[in-house]
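Engineer: Give me the fold of what follows.
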Amino acid sequence: MVSKGRSMLRAYIEDTSEYLSHLLNRYPNLLDEWMYDKENECRNIAKDSSDGDVEVETSIYHSLFQGYESFGETEVLFYDAMFIMVYSYYESVLTKLSKKYGCDNRPSAICECNHTQLSKEALENTSFLFHKIFILRNQFCHNFLGTIGARDESDKQIVNYLIHEYPNMIRFDDTSIHILKREFVSEVLEKERFVLNELIIKLKL
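Structural biologist: Coordinates of the predicted model:
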């Protein structure tokens, strides 16, 4: 929502990052709530279908609910999708700025066009996002849905570096890469937000 004192672009940056952060933080509870509802639904169906026989009721319940137990694994797929969405958000803002100023969509190029420069922390974040997260995103989007078979050796080294630096947050199982924890996606989003907010301030937008 655009409020007094906020440009359309600033509103987009702030509101979209807030929304993405909310999705990340709410998902585990949403999944638990959904599973709880399904568990109760299965229990009620089993009770109504068992004619008071406890063994039959238990058997029906387990038969019904076992189909939902694997849904816990969708948490990983959700974080994979959120990772791609979060980086696309960052790219979309940079693309808007590059079109506005007729330059490359790198933050440093956008600043150069406007005779300004980013802080040391913002530059470190842009370097991390471009040289590491961009490569990881490409693995998900362009290389067999996340396999580690990178297009060249440097890409392999970067992905391996991220897996090493975030051992409990990124998994490589010989065939695919997966994001395991929302904290990793949240960290990426926070770095993006820092860079974009500083860009908007420097560009006086």
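Engineer: Give me the next element, helix or strand, following the lowest-mean-pLDDT helix or strand in the chain.
Structural biologist: Lowest on mean pLDDT, DSSP states H and E among the helices and strands of the chain sits helix 153-165, with a mean of 76. Remark: after helix 153-165, the chain's next helix or strand is strand 170-172, criterion DSSP states H and E.
Engineer: Can you name the residues in contact with the next helix or strand after that next one?
Structural biologist: Going down the chain from strand 170-172, the next helix or strand is strand 177-179, by DSSP H and E. Identification of contacts with strand 177-179 by Cβ atoms under 8 Å, 6 or more residues apart in numbering yields 76-77, 79-80, 82-83, 136, 139-140, 146-148, 159, 163, 169-171, 185. For every residue, glycine as well, the C-beta is placed using N, CA and C.
Engineer: So which of the residues you listed belong to strands?
Structural biologist: Here DSSP state E is the test, and the contacts of strand 177-179 give Ile170, Arg171 as lying in strands.
Engineer: Inside helices: which ones of the contacts of strand 177-179?
Structural biologist: Val76, Leu77, Tyr79, Asp80, Met82, Phe83, Leu136, Gln139, Phe140, Val159, Ile163, Val185 (DSSP state H).
Engineer: Which among those residues count as buried?
Structural biologist: Among the ones in helices among the contacts of strand 177-179, those that count as buried by neighbour count (16 or more other Cβ atoms under 10 Å) are Tyr79, Asp80, Met82, Phe83, Leu136, Gln139, Phe140, Val159, Ile163, Val185.
Engineer: Does the second one touch Phe140 like I think?
Structural biologist: Yes: the criterion here is Cβ atoms under 8 Å, and Asp80 meets it with Phe140 at 6.6 Å.
Engineer: List the residues that contact Leu97.
Structural biologist: Applying Cβ under 8 Å, 6+ apart, the residues near Leu97 are Leu9, Asn105, Ile110, Leu199, Leu203.
Engineer: cool, Ala122 as well?
Structural biologist: Ala122 neighbours (Cβ under 8 Å, 6+ apart): Pro107, Phe194, Val195, Glu198, Leu199.
Engineer: Could you export those residues as TSV, including neighbour count?
Structural biologist: Listed next are those as TSV, based on neighbours: other Cβ atoms under 10 Å:
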residue	neighbour count
Pro107	27
Phe194	18
Val195	24
Glu198	19
Leu199	23
